[in-house]
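S.K.: Here is my input, please return the structure:
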Amino acid sequence: MTYQPNVTLFITVLLCIGICLGCIGQIPEQSYLNTLGDEPLLILFDKNEGDSIIQEKIARTYLDRARRQQDTIKMARGYDRLARIFHPEKNIRFADSLIEISKNQNHKFYPANGYFIKAYSFKKLEKFNQYFKNIKLGNDYAVKTDNLTLQSFAATNLVFYKSIWGDKKEALKLQKESDRLVNSDRYRSKIKTESRSSRAFNVDSIVSIDKASSLQNLTHCFVNLKVLDSARFYNKLLLDSAIENPSYYTKEFLAWSWITTMEIDYYDNQLEKVIQTGDHLIYNDTIHERNYYKDAILFYGLAKYDNGQRAEAIKLLQKVDSIFVSKGMKDFFPYERLVYEKLLDYNRINENIGKQLEYLNKLTIVDSIQKERYSFFDSRMIKDYETPILLAEREMIIDQLTKENQAPDPKLYLALAALTTTLCLLIYYIRKRLVYKKRFEKLLAQRNTKNVVALYENNGSNELSTEVVEEILEKLDRFERHHNYLNSEITLQNLAKKFKTNSNYLSRVINLKLEKNFSQYLHDLRITYAVEELFTNTSYRKYTIKAIAEECGYKNAESFSKAFYKMHGIYPSYYLRKLDKNVG
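M.R.: Here you go, the predicted structure:
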């Protein structure tokens, strides 16, 4: 059973910066931040975990100070903090800055941490190969600087994936070396020396968690090697350790150990044991809390199927299939392929041609994903796949369905009606594409034509003095030039307060002079900025719509897309596609 090796990552972060739960909530004044020393700034950053607005302000204060002092390592710490609080694409950019400035410093944490942050961001983007490459690069720097805690973190990740997709015996060998490391006195000593001296922490707790993580990986290696007695032995040690040394991760270790027990028993053909365990675990709160429900019903369903309880089993395996589909069918571990093997087998027995075709298609998707994983680690594994056989079987089923459909069918008229509807929808779609194309071309033509409003003309009586109007217009001009409208927290009230005027005056000036309300004024500025930035900045086009929306001051992609469409009659996704095609 596969888990995501994130425990040591948390410990690494703890050692590097310290995690302190709790939230201040109120945005601190810049004058106050300027009075704080370097370490108090980092502590304040930690205390505001989860509030990216406050954390960004603190991190930029720290970074600006480091730049003035020309202190490279402090600058790296500033980029390190910024690289943790945004969407993955932006975090990667800050991590790249961290790596660039510290690559020649031979520091105990930098640039290694930069590569690990990049790896985490690529993992969130489901870019596995980039994730693994950055873990490897981070490990290389950790070895170079003799940082054992970072090496332990990297080893956990390297062994985890190598045990699945690469040389399993080599993975076990590496994990045994890592286990000796975390159990050594040198490792305990290094934890003390490799953390910032100003941070307080419990060494015994950190070591016990890292030891448990090592037992978890040893169990994982033996499961993948199908050496089940050894897998049981280390899984029992893990379970005992989690109970004897309670920590933040106790529930994680317990849930993983319980599910792994089901997996070991399934591979050992102890089906009744798997079913008995499953009877309890599918209702266990910890299993649900730690996101192991899918694995619980997977092995529960597999055991029931092999034990002859096929009707119940198929319902469970169909639930697993629905979970895969809801996640986009993007990633699969080898044992998860068994789900579709059983579903296909069941529908072969019941001669359900349509379902056979469905699950054959899904099996080919699973195989294509797993081929990519194996090819990344070990191209020799590819020969074990059954994809050519699956494709041939799929073609046979399609031929059979074609022959069955040649005879007259009472449903023919329904099919014709569906075809007519489809043609109508197709015509509508083509017409819509043409309209969108014209709107896109119009947008490009008008891109450099700014809608200049005669700000200083008197558009009728507004009952405000000329001095007040001109002062507000000057401040609006600075507001636009400095792109302050990209702040998602901007409101009419807080902008008026910043301008040292009242919201009524500000609203009236915008209404009379710009001929729009405040909300539309913000939308127009943000969408115009997005259009220009996407046109001129090719790296910006690699962002997701959600990420672009956040960059432009929107809190969600839906609001951004609606505002974009309202202004230009096309959606930003269409604009992006056409830019990539027409502009390059």
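
S.K.: need the next SSE after the helix or strand hosting Val435, C-terminal direction.
M.R.: Val435 is located in helix 412-446, with elements delineated by DSSP states H and E. Downstream of helix 412-446, the first helix or strand assigned by DSSP H and E is helix 466-481.

S.K.: Skip the chain neighbours and tell me the closest residue to the spatially most central residue of the chain.
M.R.: Centroid-nearest residue in the chain, with Cα atoms, centre = their mean: Lys124, separated by 2.1 Å. Leaving aside its sequence neighbours, Lys124 sits nearest to Pro88 (Cβ to Cβ, 6 or more residues apart in numbering; 4.7 Å). Yep, even glycine has a C-beta here, placed from its N, CA and C like the rest.

S.K.: number of nearby residues for Asn217?
M.R.: For Asn217, the count of nearby residues is 28 (other Cβ atoms under 10 Å).

S.K.: That one contacts Leu158, doesn't it?
M.R.: No - in terms of Cβ atoms under 8 Å, Asn217 does not count as a neighbour of Leu158; the distance is 10.1 Å.

S.K.: Identify the contacts common to those two.
M.R.: When Cβ atoms under 8 Å, 6 or more residues apart in numbering defines a contact, no residue borders Asn217 and Leu158 alike.

S.K.: got a list of what Ala549 touches?
M.R.: When the contact criterion is Cβ under 8 Å, 6+ apart, the partners of Ala549 are Lys555, Asn556, Ala557, Ser559, Phe560, Ser561.

S.K.: what residues does the helix or strand harbouring the fifth one touch?
M.R.: In other words, Phe560. Under the criterion DSSP H and E, the helix or strand holding Phe560 is helix 557-568. The contact list for helix 557-568, computed with Cβ under 8 Å, 6+ apart, reads 439, 443, 523-524, 526-527, 530-531, 544-546, 548-549, 552, 554, 570-573, 575.

S.K.: repeat that with 10 Å
M.R.: With Cβ atoms under 10 Å, 6 or more residues apart in numbering as the contact definition, helix 557-568 has outside contacts at 436, 439-440, 442-443, 446, 488, 519-520, 522-524, 526-528, 530-531, 544-554, 570-575.

S.K.: buried stuff in it?
M.R.: Counting neighbours by 16 or more other Cβ atoms under 10 Å, one finds that the buried residues in helix 557-568 are Ala557, Phe560, Ser561, Ala563, Phe564, Tyr565, Met567, His568.

S.K.: Who are the packing partners of the helix or strand following it?
M.R.: From helix 557-568 onward toward the C-terminus, using DSSP H and E, the following helix or strand is helix 572-582. Judged by 3 or more Cβ pairs under 10 Å, 6 or more residues apart in numbering; DSSP states H and E, helix 572-582 is in contact with helix 412-446, helix 518-536, helix 545-551, helix 557-568.

S.K.: hey, least reliable of those by pLDDT?
M.R.: Taking each of the helices and strands packed on helix 572-582 in turn, the one with the lowest mean pLDDT is helix 412-446, at a mean of 68.

S.K.: and the helix or strand hosting Glu56, what's its mean pLDDT?
M.R.: Assigned by DSSP H and E, Glu56 falls within helix 52-69. What helix 52-69 shows for mean pLDDT is 92.

S.K.: tally of neighbours for Thr286?
M.R.: Residue crowding around Thr286 was assessed by other Cβ under 10 Å; the count is 14.

S.K.: sorry, back to before: my guess is the residue nearest to the centre of the chain contacts Arg84, does it?
M.R.: No - with contacts defined as Cβ atoms under 10 Å, Lys124 does not count as touching Arg84, sitting 11.9 Å away.

S.K.: Report the set of residues contacting both of these two.
M.R.: Where contact means Cβ under 10 Å, 6+ apart, the residues bridging Lys124 and Arg84 through contact with each are Asn91.

S.K.: coming back round to it: contact partners for the residue nearest to the centre of the chain?
M.R.: Lys124 makes contacts with His87, Pro88, Glu89, Asn91, Tyr131, as judged by Cβ under 10 Å, 6+ apart.

S.K.: what's the answer for Arg310, then?
M.R.: Arg310 is in contact with Gly301, Lys304, Leu317, Lys342, Asp345, Tyr346, Ile349, Asn350, counting by Cβ under 10 Å, 6+ apart.

S.K.: Can you report how many residues neighbour the last one?
M.R.: When you say that, I think you mean Asn350. Residues contacting Asn350 under the criterion other Cβ under 10 Å number 11.

S.K.: now do the fifth one
M.R.: Asp345 sits with 14 neighbouring residues when counted by other Cβ under 10 Å.

S.K.: in which helix or strand would I find it?
M.R.: helix 337-349.

S.K.: Quick one: mean pLDDT over that helix.
M.R.: Over the span of helix 337-349, the pLDDT mean works out to 93.

S.K.: ditto for stretch 117-131
M.R.: Average pLDDT, stretch 117-131: 87.

S.K.: And it, end to end?
M.R.: 10 Å (Cα to Cα, to the nearest Å).

S.K.: Okay, now the unreliable bits of the stretch 251-400 of the chain?
M.R.: Within the stretch 251-400 of the chain, the stretches falling below the threshold (pLDDT under 70) are 378-400.

S.K.: Please identify which helix or strand holds Asp210.
M.R.: When secondary structure is defined using DSSP H and E, the element that contains Asp210 is helix 203-225.

S.K.: Grab the CA positions of the helix or strand following that helix and hand them over as PDB.
M.R.: Moving toward the C-terminus from helix 203-225, the next helix or strand (DSSP H and E) is helix 228-244. Once side chains and other backbone atoms are set aside, the C-alpha atoms of helix 228-244 remain, and they are given as PDB (Å, rounded to 0.1, in the frame of the first residue of the first chain):
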ATOM      1  CA  LEU A 228       5.900 -10.900   3.400                       C
ATOM      2  CA  ASP A 229       7.300 -12.200   6.700                       C
ATOM      3  CA  SER A 230       9.800  -9.300   6.800                       C
ATOM      4  CA  ALA A 231       7.100  -6.900   5.900                       C
ATOM      5  CA  ARG A 232       5.000  -8.100   8.800                       C
ATOM      6  CA  PHE A 233       7.900  -7.900  11.200                       C
ATOM      7  CA  TYR A 234       8.700  -4.200  10.400                       C
ATOM      8  CA  ASN A 235       5.000  -3.300  10.200                       C
ATOM      9  CA  LYS A 236       4.600  -4.600  13.700                       C
ATOM     10  CA  LEU A 237       7.600  -2.600  14.900                       C
ATOM     11  CA  LEU A 238       6.000   0.500  13.300                       C
ATOM     12  CA  LEU A 239       2.700  -0.100  15.000                       C
ATOM     13  CA  ASP A 240       4.400  -0.600  18.400                       C
ATOM     14  CA  SER A 241       6.500   2.500  18.000                       C
ATOM     15  CA  ALA A 242       3.500   4.700  17.100                       C
ATOM     16  CA  ILE A 243       1.700   3.500  20.200                       C
ATOM     17  CA  GLU A 244       4.700   3.800  22.500                       C
END
